[in-house]
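Asks: take this sequence and fold it.
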Amino acid sequence: MMRLQGKVALVTGAAHRVGKVVAWMLAQEGADIVVHYGGSAEAARQTAQEIESLGRRTLLHQADMADWNQAAELGRRALAHFGRVDILINSASSFVSSDYFSTTEADFDKAFDVNVKGPFVLSQVIARAMMDDASEGVRGNIINIVDEGAFFPWRQYVAHGLSKAALLALTRAQALNFGPKVRVNAICPGPILKPPDYTEEAWQALRKTNPLRALGTAEQVGEIVLFLLTGPQFINGDCIMLDGGRMWQHQ
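Replies: You can find the predicted model right below:
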C-alpha cells in the first residue's frame, strides 16, 4: 500500500539533485507533486514526465524563490490547482561561494533571499491553508532541507552557512507557530551529492571526514523525508543529521 496516496506535495527545486529525488520518492508512495523550478525548465519537465509515468498528477511552476511575491504565488497556485497541499519540502537552495572578506552585498542577499526568505513566505501561504483545515489532528508537514553550514562555518561559503543557520532557526519558529495542525522539521545532509565546483578526487576525499568513511546519497534524504511523514507523529521542530557522524569529527 502506498503510504501517501491522496496527498499533494510541493517540492521546491524539484528539477534536479536532492529535490528531484525527493519528489520522485514521494510520487512512488502515491503523492501528486507540485514541481517547482527556478531556471531549469527542461529538467523540470523531465521530472514531471517521470512522475506522471507513475500515474501521479503534477503541476509545473517556475518561481524565483528570492522574490517574495513569486514565492507566495507558487503557494497560491498550488492550492488553487489541487485544492490542498499536505506536504511542503523546501529544498531549493542557493550555494554562494565566497569567503568572509570577498562576500558582497549581492552574495549575502542571494543566500538569504533564496535560503530563508523564500521558504518563509511560501510556508506562510501553505501553513495558513493547512491550519484553516477543519479536520482533526495534524493537517500537514513542512520539511526544510538545511546542511552542515548551519552547525559549523565554512571559510569559502560564509553567507551560505549563515543563511542555513537561519533556515534551521526558521524551522523551530515554524514548529512553534504552526502547531497543532502542522509539524515542521529539518534534515541536515552532509556529503550527499558532489558540488559542481568539486573535483572527483576532492569529493572522494570527503569519505575520510566522517567515522563511517562513506558518502551519503540523495535517496537517503528521501528515506528520512518519508520517515518524518509516515513515522512517529510526535517529532516536531527537530533536525535529523545525515552525515555519517561527520559533525563529531569536527570537534
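Asks: now stretch 216-232: buried residues?
Replies: Neighbour-count burial for stretch 216-232, with 16 or more other Cβ atoms under 10 Å as criterion, is recorded at 216, 217, 218, 221, 222, 224, 225, 226, 228, 229. The way it works is simple: take the backbone N, C-alpha and C, and place the C-beta from them, glycine included.
Asks: quick check: mean pLDDT of that stretch?
Replies: The average pLDDT within stretch 216-232 is 97.
Asks: mind checking how far it is from the chain centre?
Replies: 12 Å (Cα atoms, centre = their mean, to the nearest Å).
Asks: now stretch 193-200
Replies: Taking Cα atoms, centre = their mean, one finds the center of stretch 193-200 at 20 Å from the center of the full chain.
Asks: what average pLDDT does it get?
Replies: Here stretch 193-200 scores 85 as its mean pLDDT.
Asks: so what touches that stretch?
Replies: With contact meaning Cβ atoms under 8 Å, 6 or more residues apart in numbering, stretch 193-200 is reached by 17, 18, 95, 97, 203, 218.
Asks: with stretch 124-140 instead?
Replies: Here stretch 124-140 makes contact (Cβ under 8 Å, 6+ apart) with 10, 72, 75-76, 78-79, 84-88, 142, 174, 178, 180-183, 233.
Asks: now swap in stretch 237-251 and tell me
Replies: Residues contacting stretch 237-251 (Cβ under 8 Å, 6+ apart): 146, 148, 150-152, 168, 171-172, 175-176, 184-192, 209-216, 220-221, 224, 228.
Asks: in that stretch, what counts as buried?
Replies: By neighbour count on 16+ other Cβ under 10 Å, the buried set for stretch 237-251 is 237, 240, 241, 242, 243, 244, 246.
Asks: and for stretch 109-128?
Replies: 109-127.
Asks: mind listing the strands for the stretch 1-150 of the chain?
Replies: Taking DSSP state E, counting those that start in this stretch as the criterion, the stretch 1-150 of the chain carries its strands at 8-11, 32-37, 58-62, 87-90, 140-145.
Asks: ok, which of those strands comes nearest residue 102?
Replies: Closest approach to residue 102 among the strands of the stretch 1-150 of the chain (Cβ to Cβ): strand 140-145, 25.9 Å.
Asks: parallel or antiparallel, list what pairs with the closest one.
Replies: strand 87-90 (parallel), strand 182-189 (parallel) (DSSP bridges).
Asks: if we can go back for a sec, with distance to residue 138 as extra columns, can I get the contacts of stretch 193-200 in a markdown table?
Replies: A markdown table is the format used below for the contacts of stretch 193-200 (distance: Cβ to Cβ, whole Å):
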| residue | distance to residue 138 |
| --- | --- |
| 17 | 29 |
| 18 | 24 |
| 95 | 32 |
| 97 | 38 |
| 203 | 39 |
| 218 | 26 |
